[in-house]
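[1] I would like to see how this sequence folds:
(one chain, ligands or ions: 1)
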Amino acid sequence: MDGKSKPGVPYGGMTDTWVKKHRLIYIGATRHPFILSIRDGTVDLSAFKRWLGQDYIFVRAFVPFVASVLIRAYKKGDESSGDMEVMLSGLGSLNDEIAWFKQEASKWGVDLSQVAPEKPTQHYCRFLEELMRPEVDYTVAMAAFWAIETVYQESFAHCLEEGSKTPPELQEACQRWGNDGFGHYCSSLRNIADRQLEKAASGSEPLVKVSEDVVSKAEVTFLRVLEYEVDFWNMSCGTAGHSAPKP
Ligand SMILES: Cc1ncc(CN)c(N)n1
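    Numbers count the residues shown, from 1 in each chain. As a prediction, this is how the structure comes out:
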């Protein structure tokens with residue numbers, strides 16, 4: 001959370017360096033007031049319902065992005081890495097996630113068919129589209145994939161920690177991303193990203209464009225994910241319009 005490497009996470013991966021180097025925006029994304037309001041039980045239910053509708057739209061756009069990373073993993077042809085299996089499990093959980101959104105929406109009386117994407121959602125989905133373009137490197141796509149999943153894991157796990165006062169009716173939402181299994185999945189994504197970054201940095205990746213170009217692009221992409229996540233949380237709180245300028 002405060003950028004310290006987590007127990008069991010191998011110290012010194014590139015992602016570890018980024019979390020430390022950019023800990024302010026990382027904390028901004030993983031300890032957002034919206035998340036803190038869920039954790040202390042003061043969340044405004046209309047904000048939660050707004051988040052629910054918008055996140056459903058995001059998750060539907062996230063599925064093809066995950067599929068695009070799976071295709072990149074397949075094309076890498078490095079069967080021993082097990083990358084494809086990690087993505088397949090991710091797609092499986094997204095299938096459950098979409099079913100959960102529909103059930104949760106009906107529990108709260110949110111008609112998902114009537115929800116229109118607000119600007120932060122539109123911008124975030126457009127960013128996912130950009131990451132699906134063929135010229136985007138596997139390493140850059142993996143950095144985004146890990147960052148997107150880990151922000152939710154860190155955020156919602158925080159609402160489940162000792163001492164939290166998360167309302168019982170919101171526990172299930174927090175469990176969805178805050179559970180240990182999802183945490184393990186995020187560690188798998190992190191390991192793939194770190195391995196790819198290590199190869200790019202050492203220039204040992206064949207046919208990769210100028211290697212430091214890939215590493216710096218991956219770092220910029222990591223930061224852009226954090227910005228989109230903060231904008232998404234801001235939207236959920238109704239503090240739209242205060243988004244950071246996009247590079
Ligand atoms: C905005 C957002 N970011 C990440 C996740 C986790 N897949 C999500 N459901 N929504």
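[2] which stretch of helix or strand covers the residue nearest the centre of the chain?
    The residue lying closest to the centre of the chain (Cα atoms, centre = their mean) is residue 148, at 1.4 Å. For residue 148, the element it lies in under DSSP states H and E is helix 138-158.
[3] Does anything pack onto that helix? Which helices or strands?
    The contact analysis (3 or more Cβ pairs under 8 Å, 6 or more residues apart in numbering; DSSP states H and E) places helix 138-158 against helix 23-30, helix 33-39, helix 45-76, helix 119-131, helix 168-178, helix 180-202, helix 211-237. (Glycine included, C-beta is placed from N, CA and C.)
[4] Tell me, how many residues neighbour the residue of the chain found nearest the ligand?
    The ligand sits closest to residue 152 of the chain, with a gap of 4.0 Å, by Cβ to the nearest ligand atom. Using other Cβ atoms under 10 Å, residue 152 has 19 neighbouring residues.
[5] now swap in residue 154 and tell me
    Count around residue 154 with other Cβ under 10 Å applied: 22.
[6] separation between the nearest residue to it once chain neighbours are set aside and residue 94?
    Among residues not flanking residue 154 along the chain, residue 30 sits closest, at 4.0 Å (Cβ to Cβ, 6 or more residues apart in numbering). Using Cβ to Cβ, to the nearest Å, one obtains 21 Å as the distance from residue 30 to residue 94.
[7] who has more neighbours, the two?
    residue 30 (24 against 16).
[8] Report the contact partners of the more buried one.
    1, 151, 154, 155, 158 (Cβ atoms under 8 Å, 6 or more residues apart in numbering).
[9] now with 10 Å?
    Residue 30 makes contact with 1, 19, 23, 150-158, 226, 229-230, 233, according to Cβ atoms under 10 Å, 6 or more residues apart in numbering.
[10] Which two of these have the greatest separation?
    Greatest spatial distance in those: 23 and 156, 19.4 Å, computed using Cβ to Cβ.
[11] between the two, who's got more neighbours?
    Counted by other Cβ under 10 Å, residue 23 and residue 156 do not tie: residue 156 has more neighbours, with 23 against 15.
[12] Report pLDDT for the closest residue to residue 167 other than its chain neighbours.
    Excluding its sequence neighbours, the residue lying closest to residue 167 (Cβ to Cβ, 6+ apart) is residue 41, at 5.4 Å. On pLDDT, residue 41 comes in at 98.
[13] next one: residue 204
    For residue 204, the predicted pLDDT is 73.
[14] swap in residue 99?
    For residue 99, the model assigns a pLDDT of 97.
[15] Roughly how far does it sit from residue 44?
    Distance of residue 99 to residue 44, computed by Cβ to Cβ: 26 Å.
[16] Neighbour count for these two, which is higher?
    residue 44 (13 against 10).
[17] quick one, what contacts that one?
    By Cβ under 10 Å, 6+ apart, the neighbours of residue 44 are 34, 37, 50, 236, 237, 238.
[18] Highest neighbour count among those residues?
    Highest count within the contacts of residue 44 by other Cβ under 10 Å belongs to residue 236, 28 neighbours.
[19] ok, back up a step: of the contacts of residue 30, which is the nearest to residue 122?
    Looking across the contacts of residue 30 and measuring by Cβ to Cβ, the closest to residue 122 is residue 229, at 15.0 Å.
[20] My understanding was that that closest one contacts residue 31; is that so?
    No - contact criterion Cβ atoms under 10 Å: residue 229 and residue 31 do not qualify, at 11.5 Å.
[21] Number of residues surrounding residue 39?
    Neighbours of residue 39 using other Cβ under 10 Å come to 22.
[22] my bad, residue 172
    So residue 172, with other Cβ under 10 Å, has 12 neighbours.
[23] Thanks again, I'm all set now.
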